[in-house]
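Peer 1: kindly generate the corresponding structure for this input.
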Amino acid sequence: MKANPFFKRLIRKAVVLAVVTVAVGWFYAWASPWAFPKKQTDGFGWGVLHGALMPLSLPSLVIGKEVQIYEPDNSGRTYKIGYICGVDLCGLVFIGPLFWRPKPRAASHKNQPR
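Peer 2: This next block holds a predicted model:
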């Protein structure tokens, strides 16, 4: 009995998703202590970094690692604005291209009326 190509593709995608999830989770757990230094008040720049890294924290949390996603000792409004900008920037870079569609090719000049 031959395996259905749909199920083969589905299994392959599930394996790739699992490997990428574990890799991203491990990376975030490794980078988290560096991205959240102690004994300082974080401002706009750190807020952008933390916001951009926040979506990457999900796999770490799913695989059971306790990671930080927000710095409670922050400068207030400027940190929060930076955090929002970081989250939006991450979405634009990683999710935005999923919605990009190439423009349809223009018809050749021979088929167009004059």
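
Peer 1: list the contacts of Pro59.
Peer 2: 21-22, 24-25, 28 (C-beta atoms under 8 Å, 6 or more residues apart in numbering). (Glycine included, C-beta is placed from N, CA and C.)

Peer 1: if you set the cut-off to 10 Å instead, what comes out?
Peer 2: 18, 20-29, 65, 67 (C-beta atoms under 10 Å, 6 or more residues apart in numbering).

Peer 1: after the worst-scoring helix or strand of the chain on mean pLDDT comes which helix or strand?
Peer 2: The weakest-scoring helix or strand in the chain, judged by mean pLDDT, DSSP states H and E, is helix 57-62 (a mean of 80). As assigned by DSSP states H and E, the chain's next helix or strand after helix 57-62 is helix 77-94.

Peer 1: helices and strands around that following helix, which ones?
Peer 2: helix 44-53 (3 or more C-beta pairs under 10 Å, 6 or more residues apart in numbering; DSSP states H and E).

Peer 1: tell me how far the helix it packs on lies from the chain's centre.
Peer 2: 13 Å (C-alpha atoms, centre = their mean, to the nearest Å).

Peer 1: equivalent analysis for stretch 96-106, please.
Peer 2: With C-alpha atoms, centre = their mean as the basis, stretch 96-106 stands 21 Å off its chain's centre.

Peer 1: give me the buried positions along the biggest helix by length in the chain.
Peer 2: In the chain, taking DSSP state H as the definition, the longest helix is helix 5-35. Neighbour counts over helix 5-35 (16 or more other C-beta atoms under 10 Å) mark 24-25, 28-29, 32, 35 as buried.

Peer 1: could I get these as CSV with pLDDT and distance to Arg101?
Peer 2: CSV is the format used below for those (pLDDT from 0 to 100; distance: C-beta to C-beta, whole Å):
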residue, pLDDT, distance to Arg101
Val24, 79, 27
Gly25, 76, 31
Tyr28, 78, 31
Ala29, 76, 36
Ser32, 76, 36
Ala35, 79, 34
